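Undergrad: Below are the sequence and a predicted model; questions follow.
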Amino acid sequence: MSVVEFKGVSKIYQSGDHRQKALDNISLSIDEGKFVVILGASGAGKSTLLNLLGGLDSPTSGTITVDGKDISTLSGNELAEYRAEKVGFVFQSYNLIPTLTVKENVALVKDISRNAFDPEEMIEKVGLLDHLHNFPSELSGGEQQRVSIARAVCKNPKILLCDEPTGALDSDTGVMILKLLLDMSHEYGKTIIIVTHNQNIAKMADVIIRVRNGKIKSPEEQKNPLNVQEVDW
């Protein structure tokens, strides 16, 4: 069952007389509970796609339907409600509150999600149970990234959007985090969408979407040797 559908979506940024088309008339659908990897070079449009799906930006044209609801025409307040109810985010910048401890940063989501997981359980899953009472400034960049992942997962969202979630992590910790995200998808039925340039992460995906210059080049689905559905953009 499709949980995300883009139909003829374009996004144009304008600064003075300069127009930049970040996405160009894209259409795609993503089924519920899939582990999806969006691959592409810097500037290809993959982060724009993630921002549109997360309700952080609105398309210039086209429609975006999530869980049966068109989010492309929602007001600012309606988008805020959508983000609170449906979406979890893992940003490259972590966005932790410096005056709150690890546990307090993760537990924040309980104020906006009625079905949140236990914060300490999620912190344990990312390997930071010994740092419950530390502040972000006392953590390494990789540890801060893990806190942001624990917070996003703790929210128990229907869709989890991840922008380079393992970029600041060593290889062993990265594997642990990817396993957690896979479990969220395959055991809990969450739709996980990861933006990355890391080809190795794609090996774990149910669906691979390749972005090139924000435009679909050949909209076909095909099985690859890893039994992954791949859409070549």
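TA: That came through fine.
Undergrad: secondary structure element for the closest residue to Tyr13 other than its chain neighbours?
TA: Distances taken as C-beta to C-beta, 6 or more residues apart in numbering place Gln20 nearest to Tyr13, at 4.7 Å, with adjacent residues excluded. (Each C-beta comes from the backbone N, C-alpha and C, glycine too.) Element membership for Gln20 (DSSP states H and E) is strand 18-31.
Undergrad: Can you pull the poorly scored residue ranges out of the chain?
TA: 216-233 (pLDDT under 70).
Undergrad: so what's the residue positioned nearest the centre of it up against?
TA: For the chain, the residue nearest the mean C-alpha position is Leu161 (1.1 Å; C-alpha atoms, centre = their mean). Shown in contact with Leu161 (C-beta atoms under 8 Å, 6 or more residues apart in numbering): 50, 53-54, 87-90, 193, 195.
Undergrad: isn't there a helix covering Ser93?
TA: No - read with DSSP: H, G, I helix; E, B strand; the rest coil, Ser93 is coil and lies in no helix.
Undergrad: need the longest helix for this protein.
TA: helix 171-186 (DSSP state H).
Undergrad: Please save the CA atoms from that helix in CSV.
TA: Only the C-alpha atoms of helix 171-186 are listed here, as CSV (Å, rounded to 0.1, in the frame of the first residue of the first chain):
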residue,chain,number,x,y,z
SER,A,171,31.8,2.1,10.7
ASP,A,172,30.7,-0.1,13.6
THR,A,173,28.4,2.4,15.1
GLY,A,174,27.0,3.2,11.7
VAL,A,175,26.1,-0.5,11.2
MET,A,176,24.4,-0.5,14.6
ILE,A,177,22.3,2.6,13.7
LEU,A,178,21.3,1.2,10.3
LYS,A,179,20.2,-2.1,12.0
LEU,A,180,18.0,0.0,14.3
LEU,A,181,16.5,1.8,11.3
LEU,A,182,15.9,-1.5,9.5
ASP,A,183,14.2,-2.9,12.6
MET,A,184,11.9,0.1,12.7
SER,A,185,11.0,-0.6,9.1
HIS,A,186,10.7,-4.4,9.0
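Undergrad: which other helices and strands contact it?
TA: strand 35-39, helix 141-154, strand 159-163, strand 191-196 (3 or more C-beta pairs under 8 Å, 6 or more residues apart in numbering; DSSP states H and E).
Undergrad: now these in a markdown table, with distance to Val4?
TA: Shown next, in a markdown table, are those (distance: least, C-beta to C-beta, whole Å):
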| stretch | distance to Val4 |
| --- | --- |
| strand 35-39 | 9 |
| helix 141-154 | 17 |
| strand 159-163 | 7 |
| strand 191-196 | 7 |
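Undergrad: Pro119 is nearest to which of those?
TA: Evaluated over these, closeness to Pro119 peaks at helix 141-154, with 5.5 Å, by C-beta to C-beta.
Undergrad: Give me the buried stretch members for the closest one, please.
TA: By 16 or more other C-beta atoms under 10 Å, the buried positions in helix 141-154 come out as 143-154.
Undergrad: can you state the direction angle for that helix and strand 159-163?
TA: Calculated by axes from the mean of the first three to the mean of the last three C-alpha atoms, to 10 degrees, helix 141-154 forms an angle of 160 degrees with strand 159-163.
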